[in-house]
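Asks: Could you look at this predicted model? Sequence included:
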Amino acid sequence: MDSRELLANFITELNRGTLTLCVLSQLTTPQYGYSLLQILSEKHIALEANTLYPMLRRLETQGVLESSWNTSENRPRKFYQLTEEGKTIFTALTNKWKEQQSHIEALLGEESHA
């Protein structure tokens, strides 16, 4: 395995959990899949549709999200939003993320001074 492939694998591992947190952060109001992809893209979060849609289905199955169909427009759209349990989980994940980020920044700061 060359270094570019190794780095790509590490980046995939790093993104795995953080992308879920990014998606949850945008579902405090109802969004459909394509609008969610656009919002995240505008905020420089790269996420492909073939990653997002299975994630949305998994999070709904886990009870973190709920969905509803909007058929008032020409094209029916499935909207997703955090459930009450999802809001609790999102808050806890956000707090854990901030804590870990603080610890990692401290570690990286130590490295730069060594």
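Replies: Here it is on my side, so go on. Numbers count the residues shown, from 1 in each chain.
Asks: which parts of stretch 28-37 are buried?
Replies: Buried residues in stretch 28-37, defined by neighbour count with 16 or more other Cβ atoms under 10 Å: P30, Q31, Y32, G33, L36, L37. Using the backbone N, CA and C atoms, a C-beta is placed for each residue, glycine as well.
Asks: Span of it from start to end?
Replies: Using Cα to Cα, to the nearest Å, the end-to-end distance of stretch 28-37 comes to 15 Å.
Asks: who touches it?
Replies: Around stretch 28-37, the neighbours that count as contacts under Cβ atoms under 8 Å, 6 or more residues apart in numbering are 23, 26-27, 39, 47, 49, 52-53, 56, 68, 70, 77-82, 87, 90.
Asks: What distance do you get for the nearest residue to S41 once chain neighbours are set aside to G109?
Replies: Ranked by Cβ to Cβ, 6 or more residues apart in numbering and with sequence neighbours excluded, the top spatial neighbour of S41 is L47, at 7.7 Å. To G109, L47 is 29 Å away according to Cβ to Cβ, to the nearest Å.
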